[in-house]
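Trainee: Give me the fold of what follows.
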Amino acid sequence: MKRVVLLGSTGSVGTSTCKVAQDLPGDVELVGLAAGRNVSLLREQVKGFSPRAISVTDPEAANELVNEYGRTPEVYCGADGLIELATMKEADIVLIAIVGIAGLEPALAAIRAGKDIAVASKEILVMAGETVMSEARKHGVNVLPVDSEHSAIFQCLEGKTANSVKQLWLTASGGPFREMPLEEFSSITVEQALKHPSWNMGPKITIDSATLFNKGLEMIEARWLFDVEMSRLKVIVHPQSVVHSMVEFVDGSMLAQLSTPDMCLPIQYALTYPSRVPSERVQTSLAEIGRLDFEEPDDERFPSLDLARRAGDIGGTLPAVFNAANEVVVEAFCSQEIGFTGITKIVGEAMDAHELVGSPTLDEILEADAWARKTARNLVLSL
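Mentor: Have a look, this model is predicted:
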């Protein structure tokens with residue numbers, strides 16, 4: 001039985017994790033649940049899983065829950081509440097599914113408390129990958145990927161030596177615009193960008209999939225998670241999203257992990273690792289799928305990939321700027337303040353304007369994040 005704390009229980013990854021827990025009541029127990037502002041869904045989850053502790057963002061909502069539940073479950077709130085749950089003595093593993101920077105300090109707190117962490121939030125490793133992985137090695141805990149691409153690579157690498165690996169291949173669906181003529185990109189609407197061809201996700205990651213920023217973030221994440229140089233990280237477009245990623249070895253052979261697209265599978269693997277537990281939720285028929293296509297990504301359509309390579313190669317505080325500026329401009333695009341092509345343009349301008357810190361402390365990373373958000377917002381307002 002794995003006792004799990006789930007940070008971000010009401011988001012898309014969080015609700016998929018709850019499905020896994022429902023499927024595997026003898027293998028997974030949710031002992032802690034942290035939500036944002038969707039208190040009504042959190043109440044349903046408390047009823048279904050009887051966690052020992054919960055946390056919400058809003059202090060008023062926390063007070064309501066205390067009056068409602070008393071001391072079972074214990075109720076926490078805000079950033080301190082996330083730390084309380086991340087360090088629960090009952091937990092074996094903490095799954096971090098909070099979008100953005102808010103998951104970083106709980107991740108480090110969990111590691112320092114001797115907990116394995118499962119990472120669904122790209123920002124943790126993009127912004128502070130060197131720190132996170134160093135702390136994990138120091139405390140002897142596992143950092144387990146929940147993204148389908150990184151889970152695939154993790155599974156393919158199991159038992160393999162580092163010097164046997166030539167390249168890691170991250171697959172990308174290509175999003176909804178991989179065949180759209182470049183001259184039409186300036187007229188792309190928010191509604192169009194939110195229609196992902198393969199996955200049902202939240203708005204931020206869906207827009208990132210349309211721009212391929214998600215793949216850029218995943219490249220930087222993989223650089224730290226698997227301790228490889230950016231030059232050995234490749235992206236290939238695979239519209240069916242059945243091959244979730246691949247490892248190419250020095251002898252020319254390749255291993256891939258395949259399945260019908262469903263986030264429950266990588267979540268289950270992370271929570272039950274190193275075991276594989278039977279589940280009927282994900283069924284894959286290659287005959288029904290029929291074909292698997294691959295093509296090179298178009299860097300002219302998706303300049304985010306070059307920005308990511310630059311951020312990952314240079315390192316320091318630049319990945320934090322890449323990530324934070326993107327968060328701001330995606331929100332601006334969703335609010336119809338900027339056009340689709342403005343997303344990459346403004347992130348590139350913020351990166352150009354940044355004064356790099358080469359070997360940053362955690363405080364310097366957070367300062368770079370704040371600087372990038374302010375700079376990106378000013379660039380939005382100047383358009």
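Trainee: Spit out the contact partners of Arg175.
Mentor: Rather than Arg, residue 175 is Gly. Each residue near Gly175 by C-beta atoms under 8 Å, 6 or more residues apart in numbering is listed here: 196-197, 209-212. Using the backbone N, CA and C atoms, a C-beta is placed for each residue, glycine as well.
Trainee: Val141 should be in a strand, yeah?
Mentor: No. Under DSSP: H, G, I helix; E, B strand; the rest coil, Val141 sits outside any strand and is assigned coil.
Trainee: quick one, phi psi at it?
Mentor: Backbone torsions for Val141, taken as degrees, to the nearest 10, come to phi -120, psi 160.
Trainee: what separates the helix or strand harbouring Leu104 from the chain centre, distance-wise?
Mentor: Assigned by DSSP states H and E, Leu104 belongs to helix 104-112. Here helix 104-112 is found 16 Å from its chain centre; the criterion is C-alpha atoms, centre = their mean, to the nearest Å.
Trainee: Please work out the average pLDDT along the helix or strand just after it.
Mentor: Counting by DSSP H and E, the next helix or strand C-terminal to helix 104-112 is strand 116-119. Averaging the model's pLDDT scores along strand 116-119 yields 98.
Trainee: One more: stretch 160-177?
Mentor: For stretch 160-177, mean pLDDT rounds to 94.
Trainee: And stretch 136-156, by the same measure?
Mentor: The average pLDDT within stretch 136-156 is 97.
Trainee: Same question for that stretch: list its buried residues.
Mentor: 136, 141, 143-156 (16 or more other C-beta atoms under 10 Å).
Trainee: How about Glu349: what's its closest non-neighbour residue?
Mentor: Spatial nearest neighbour of Glu349, excluding adjacent residues (C-beta to C-beta, 6 or more residues apart in numbering): Leu379 at 5.7 Å.
Trainee: could you say what helices and strands the lowest-mean-pLDDT helix or strand in the chain packs with?
Mentor: Every helix and strand in the chain was compared by mean pLDDT, DSSP states H and E; the lowest is helix 203-211, with a mean of 90. Using 3 or more C-beta pairs under 8 Å, 6 or more residues apart in numbering; DSSP states H and E as the contact test, the elements touching helix 203-211 are helix 190-193, helix 213-225, helix 318-334, helix 340-353.
Trainee: so can I have CSV of the ones you listed showing mean pLDDT, distance to Ala79 and mean neighbour count?
Mentor: Converted to CSV, the helices and strands packed on helix 203-211 look like this (pLDDT from 0 to 100; distance: least, C-beta to C-beta, whole Å; neighbours: other C-beta atoms under 10 Å):
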stretch, mean pLDDT, distance to Ala79, mean neighbour count
helix 190-193, 93, 30, 14
helix 213-225, 96, 23, 26
helix 318-334, 96, 17, 25
helix 340-353, 97, 25, 19
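Trainee: With Leu292 as the reference, name the closest of these.
Mentor: Proximity to Leu292 (C-beta to C-beta) singles out helix 213-225 among the helices and strands packed on helix 203-211, at 18.2 Å.
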